[in-house]
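# Okay, sequence plus prediction incoming.
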Amino acid sequence: MPEKSLLELLNLAKGDRSLNTFAQHANVSAGNLSRVFNGQKPTPELLKKIALKAYNGVTYTQLMEAAGYIESDSNFGSGENAIEENSPAQQAEEIIKIDPDLFVQMCRATYLPEEDRKKIREYSAMLLEKHLREQKEKEKGKKGNDISK
């Protein structure tokens with residue numbers, strides 16, 4: 001399935017609400033929201049507010065990818081802890097091997113209301129993106145040191 005553009009995702013997130021109503025629900029300025037709908041790049045903070053009130057299952061991660069803040073590749077990280085597109089059962093097995101307590105907490109989280117689970121998913125995506133950014137910076141630093149030798 002092809003990735004959706006930011007505008008497509010914003011329209012899905014807005015649903016059948018007017019722009020003003022959507023802005024009120026998301027607790028953002030209608031003017032700011034209008035500028036984003038007209039092509040201005042939104043801030044991550046604005047996308048977070050939009051995602052919290054989004055319709056049609058639009059997530060913060062999708063919005064961040066479409067806005068260009070997060071790379072949307074199927075593999076994250078490298079080495080033995082790389083996160084690849086595996087079946088859910090394979091992913092669960094890997095999580096249990098790496099961090100059994102995390103797996104237990106993830107299972108318990110399924111009993112939370114959808115809005116809370118959505119927050120956990122978004123926070124997890126933000127932490128992963130931060131980690132990947134830090135890894136890239138370290139790799140760039142190592143390459144820079146190798147060149148200067």
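Noted; the coordinates are in hand. Residues are numbered from 1 along each chain as shown.
# State the distance spanning the first to the last residue of stretch 91-110.
16 Å (C-alpha to C-alpha, to the nearest Å).
# again with stretch 21-31
12 Å.
# by contact count, what packs against the lowest-mean-pLDDT helix or strand in the chain?
Taking mean pLDDT, DSSP states H and E as the measure, helix 88-98 is the helix or strand of the chain with the lowest mean score, a mean of 75. Judged by 3 or more C-beta pairs under 8 Å, 6 or more residues apart in numbering; DSSP states H and E, helix 88-98 is in contact with helix 100-109. Backbone N, C-alpha and C define where each C-beta goes, glycine included.
# How about the helix it packs on, which residues are buried there?
Neighbour counts over helix 100-109 (16 or more other C-beta atoms under 10 Å) mark Phe103 as buried.
# Report the central residue of the chain.
Thr61 (2.0 Å; C-alpha atoms, centre = their mean).
# I'd say that one and Arg121 touch.
Yes - contact status for Thr61 versus Arg121: in contact at 7.2 Å, counting by C-beta atoms under 8 Å.
# so where's the protein uncertain?
Residues of the chain that meet the criterion pLDDT under 70 lie in 1-3, 72-87, 143-149.
# And the helices in it?
In the chain, the helices defined using DSSP state H lie at 6-14, 19-26, 30-37, 44-52, 60-66, 88-98, 100-109, 114-148.
# any idea which of those is most buried?
Mean neighbours per residue, mean count of other C-beta atoms under 10 Å, is largest over the helices of the chain for helix 60-66, with a mean of 22.
# quick one: contacts of stretch 103-117?
92, 95-96, 120 (C-beta atoms under 8 Å, 6 or more residues apart in numbering).
# Among those, which pair sits farthest apart?
Ile96 and Ile120 (18.4 Å; C-beta to C-beta).
# Give the full set of residues in contact with the closest residue in space to Ser34 that isn't next to it in sequence.
Residue nearest to Ser34 in three dimensions, not counting chain neighbours: Leu19, with 6.1 Å by C-beta to C-beta, 6 or more residues apart in numbering. The contact partners of Leu19, by C-beta under 8 Å, 6+ apart, come to 30, 33-34, 37.
# Throw the residues you listed into a markdown table and include distance to Ala109, thanks.
Output for those, formatted as a markdown table (distance: C-beta to C-beta, whole Å):
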| residue | distance to Ala109 |
| --- | --- |
| Ala30 | 34 |
| Leu33 | 31 |
| Ser34 | 36 |
| Phe37 | 33 |
